[in-house]
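**Q** Structure here, sequence nowhere to be found:
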């Protein structure tokens, strides 16, 4: 655990992606099996412990610390593991901190009643750094700025160039912690792991946002166009070893969509868009959100929000790898495959006919009225390549919308943002029951701003707090934020009656009085299709604190 704790500490305080990758590579290269494999599983989110919950840690802290002091400290720090690690009283003990294998095996096997004593003993034997790592491991709260993809890049670098990150991805889902065969392959001590006929994820091909310079250089004769539907990208993998449904980021979401899994009675790997479809009509993304992030789903929800997949591409037909074929050839194979199989809950993405780029521009401008996110443009001669190769696929999304909203509440972030108020709840004006204007919350955002803007907002929030609710602060209703979003939809779950798709901060409107922020009626007219707020040309910023 000592080496893993040192790794976490360095990752937390290291902003650079390249440095994080180097830290991971060194850890994997220098630590023994099975500890390094369990460390890999921890940073990639592959470890879960049914009996070890944050409530257990809170109970242990309550028994060992002053409750009022702990509450104040937790409010300031904003992170449970860090607070407990720093406040846990030192105990005289001859025990050494546990190693990774001991922690993993014990958490998997221990009875729930035994866990408090076991975890307390580990914390007693550890210093604050190891305590922090232990608690993060137990609670599954590893937020250290490391994606699963970054870890796989670091693994590939271990091989000295013999293996790529995409090669690692190709076998990843057929393996399990502590990945002994994976490390043996990377160190050239064994052949590539063979997951047999396991339904493994293949790295997807991604599109570049279409910029003005790209548009000017496009050859319409070389392009194929499809609608970019407002769902989530998925990969359907069906082999002799089973069926899996993966998100674009390789997360296995099969449990949440059993009707799609039942429909995968074939042997192929397909690329498509998961949508809620009723009577042949694609529903807004807000409907699909009701089904997302669920490990299982009941019959009522399945009936109310029926899902289907619109197929874009075919990667494997049986055991035949089609990814090196040009798009036109793969499309022909997909159409032939679909004509043979006719799978339930699936259809083919339409190819859009056009002559000129102006034709495409007109289609894209009308996408919002049809609840479509935009257009996909693909070269007819493009192979299916992992990653985001330039010049082959483009996504041309409709322009985002924006509103001016008033900052109402702020909450501390996590990880590197745990000392900043970086999660913002904002609202619009409406007439209250007494006839006077009141603010009603319409959404939350935690992206789109720069480091400098985060610092400014954090300072303003601290100086203008009117009430506190644990880690949340209510502020003076005086700061206007320009909020960009992709779509708005009615939602009975929200007090305002509306939900926003992908809200993010576009601008800080310190020049605008709060009384002049937008009204809820304006936003509701967007929902009803009666009008649209201004298009926010500058809302595409993705810069965030580093």
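**A** Yep, that arrived. Nothing here was measured: the structure is a model prediction, and the numbers come from that model.
**Q** quick one, phi/psi of the most centrally placed residue in the chain?
**A** Among the residues of the chain, the smallest C-alpha distance to the mean C-alpha position (Cα atoms, centre = their mean) belongs to residue 249, namely 7.6 Å. Torsion angles at residue 249 (phi, psi; degrees, to the nearest 10) stand at phi -90, psi 10.
**Q** And residue 20, by the same measure?
**A** Dihedral pair for residue 20: phi -60, psi -40, per degrees, to the nearest 10.
**Q** how does this protein divide into domains?
**A** Using automatic domain parsing, the domains assigned to the chain come out as 208-397, 401-527.
**Q** Show the average pLDDT along the last one.
**A** What it means is domain 401-527. Mean per-residue pLDDT for domain 401-527: 87.
**Q** Can I get the domains of the chain in JSON lines including distance to residue 202?
**A** Yep, even glycine has a C-beta here, placed from its N, CA and C like the rest. Formatted as JSON lines, the domains of the chain follow (distance: least, Cβ to Cβ, whole Å):
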{"stretch": "domain 208-397", "distance to residue 202": "6"}
{"stretch": "domain 401-527", "distance to residue 202": "26"}
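**Q** of those domains, which approaches residue 61 most closely?
**A** If you check each of these against residue 61 by Cβ to Cβ, domain 401-527 wins as the nearest, at 15.3 Å.
**Q** measure the residue lying closest to residue 21 once chain neighbours are set aside to residue 146 for me?
**A** Across the structure, with Cβ to Cβ, 6 or more residues apart in numbering as the measure, the residue nearest residue 21 apart from its sequence neighbours is residue 154 (4.9 Å). For residue 154, the distance to residue 146 under the criterion Cβ to Cβ, to the nearest Å works out to 9 Å.
**Q** hey, what's in contact with both of these two?
**A** residue 24 (Cβ atoms under 8 Å, 6 or more residues apart in numbering).
**Q** returning to what we had before: which ones are touching the residue nearest to residue 21?
**A** So, once contact is read as Cβ under 8 Å, 6+ apart, residue 154 ends up touching 21, 22, 24, 25, 28.
**Q** so which strand or helix has residue 41?
**A** helix 35-43 (DSSP states H and E).
**Q** Revised request: answer the last question for residue 130.
**A** Following DSSP H and E, one finds residue 130 within helix 128-139.
**Q** And for that helix, what's in contact with it?
**A** With Cβ under 8 Å, 6+ apart as the contact definition, helix 128-139 has outside contacts at 1-2, 4-6, 8-9, 42, 47, 49, 52-54, 56-57, 80-82, 84-86, 88, 97-98, 103, 107, 119, 122-123, 126, 141-142.
**Q** Please produce a PyMOL select command covering the buried subset of those residues.
**A** Of the contacts of helix 128-139, the buried ones can be selected in PyMOL as follows, counting by 16 or more other Cβ atoms under 10 Å:
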select buried, resi 1+2+4+5+8+9+42+47+49+52+56+57+80+81+82+84+85+88+97+98+103+107+119+122+123+126+141+142
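**Q** The contacts of helix 128-139 in strands, which ones?
**A** Counting by DSSP state E, those place none of their members in strands.
**Q** From the contacts of helix 128-139, which land in helices?
**A** 2, 4-6, 8-9, 42, 54, 56-57, 80-82, 84-86, 103, 107, 119, 122-123 (DSSP state H).
**Q** need the strands for the stretch 251-400 of the chain, in chain order.
**A** Secondary structure of the stretch 251-400 of the chain, counting by DSSP state E, counting those that start in this stretch: strands at 268-278, 281-282, 307-317, 320-321, 346-348, 351-352, 372-379, 393-397.
**Q** Would you format the ones you listed as CSV with mean pLDDT, distance to residue 236 and mean neighbour count included?
**A** What follows is the strands of the stretch 251-400 of the chain, written out as CSV (pLDDT from 0 to 100; distance: least, Cβ to Cβ, whole Å; neighbours: other Cβ atoms under 10 Å):
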stretch, mean pLDDT, distance to residue 236, mean neighbour count
strand 268-278, 96, 4, 22
strand 281-282, 89, 18, 15
strand 307-317, 97, 7, 22
strand 320-321, 95, 16, 12
strand 346-348, 97, 8, 17
strand 351-352, 95, 20, 14
strand 372-379, 90, 18, 22
strand 393-397, 91, 19, 19
